[in-house]
Structures are given as structure tokens and as C-alpha cells.
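**Q** Fold the following, please.
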Amino acid sequence: EVISITEHGVKTVSKNLSYDYLIIATGSRYNLPIKEKNMVIADRGKELRQYSQKLSKANTILIVGGGLVGVELAAEIITAYPDKKIKLVHAHAELIERNPGKSRTYAQRFLEKRGVKFIFNERVVSHKKGVYVTNKKTSLSCDLAFLCTGIVPNFEALQNLPLTPKKYLPVNGYLQVPEHSSIFAAGDITNIAEEKTAQNAEKQAEIVVRNIYHFEKKEPLEYYRSKPRV
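**A** As a prediction, the model looks like this:
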């Protein structure tokens, strides 16, 4: 495990490592404000496999979060189990609100046609005896709940670098950390204002790899251009 990073090296629990170039891709994790045995943290689908038996037996399912992960999970479940009763709670007025309008409309219509119910402009803040309660006092009971919101960047080893107030790592247009030209970053850890998806991380990684090559050859670096990806 990496303990700290400086301009000159990386410190782990057992050794110090030097580098010519460093790529930081520490990613993110889900923040769990509610600790409840029936709540599953839906982290890129792996828990869905682990909970497949419990899911198959559940009649009512609650999904907390209407971003990309929550929408995809709702679609996967209702497609595999058309008879499940699914409710999706989202803190905003529409699903995947940062995505293009065509995507937002398609996602909502897809789920609505299959009986998924939505509760918009509310967020789950507590639970009591298996009942989840929103900030507007709506009570929701279910057999199984999935948490699909509130990612936190994995920043703990980056304390020596310039983090944003929300603990993301700032990068310039070439995906370099400011004032550290030999340190690059990609993926969820960066402060780039775009969806934290594998697709975007792959595009960033391509630029990082090419820019290290350009940097070594003293060639102009390539600019990373964020754009909606449907």
C-alpha cells in the first residue's frame, strides 16, 4: 500500500520507490452514510454477482441514486427479473442529469415501461428497522437496497500534492499535476468535470501514455478534450 507520494518518490509500507514519471490512478470508492445489513454498495457490478441469490429471492428492491450506476443497475435487474418491484430514489429532478438529453429521456422511458418507480428530489438519509427514510420524510421499505451514489476519491496517499477541497487531484489540460510536470493522473481521482466512467478513464489513459512519450522526446504534448460520450 502506498503511504505517501512526493515529487521525488513513492513511499509504501515497506520500501521507497523512485520514478522518472508517475501515473496516479487511485480511483474512488463509495461513501456509505448508512450502515445496514440489507444495503449493498453497488461498486461496478461485482457485488451484484455476490448477492445474486439474495437478489433472486427479493420482491421489492430500493436503488439509491439515479446516476449512471443506479440507472444501469435498475435496467439490469428489471430485464433479468421483470416481476421485481423497483423503486429508485434520486436527489435530482431527472436521471443521469449530467448526460445528453437523448440519453436521459431514453433511460427514463426504458425503466418506466418496465414498471420502475421514481422518487426525485429526495435523498435517503437514515434507516430504522429496515425502513429507509428520505430528507422529506418519505418512508421506503424493501427486501434489498443498493447504494449507487456518493463516490469519494482515494486521496489518502496524495496529501503532499495539491488536492481540491473535495479531495480530487487537479490536472492541467495535458493531465499533468500542476507544478509537477512528471506526475500525470487519470480516472476518478482527477478533478475533471465529467462522468467518472471507465470509458472516460480509458480516454484519459491514452493521453497520459502518449504525453509521457512526447515529454521524453521533447515533443509538444497532446491536450485532453472532455466531451459527452453516449
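**Q** looking at this protein, which helix or strand is least sure?
**A** Every helix and strand of the chain was ranked by mean pLDDT, DSSP states H and E. The lowest is strand 39-41, at a mean of 54.
**Q** tell me which residues form a beta bridge with residue 140?
**A** residue 132 (DSSP bridges).
**Q** ok, it touching residue 86?
**A** No - using CB atoms under 8 Å, residue 140 is not in contact with residue 86, being 11.4 Å away. (Glycine included, C-beta is placed from N, CA and C.)
**Q** Neighbour count: the two, which is higher?
**A** residue 86 (23 against 19; other CB atoms under 10 Å).
**Q** beta partners of the more buried one?
**A** residue 61.
**Q** show me what contacts it?
**A** Residue 86 makes contacts with 60, 61, 62, 63, 74, 77, 78, 111, 115, 116, 117, as judged by CB atoms under 8 Å, 6 or more residues apart in numbering.
**Q** what about residue 10, how many residues close to it?
**A** 17.
**Q** gap between it and residue 90?
**A** Plainly put, residue 10 is 39 Å away from residue 90 if you go by CB to CB, to the nearest Å.
**Q** Point me to the helix or strand that includes residue 79.
**A** helix 68-80 (DSSP states H and E).
**Q** Give the rounded mean pLDDT of that helix.
**A** When pLDDT is averaged over helix 68-80, the result is 92.
**Q** do the same with stretch 165-174
**A** 96.
**Q** What's the end-to-end length of it?
**A** Stretch 165-174 has an end-to-end distance of 22 Å (CA to CA, to the nearest Å).
**Q** Tell me which residues of that stretch come out buried.
**A** Of the residues in stretch 165-174, 167, 168, 169, 171, 174 count as buried by neighbour count, 16 or more other CB atoms under 10 Å.
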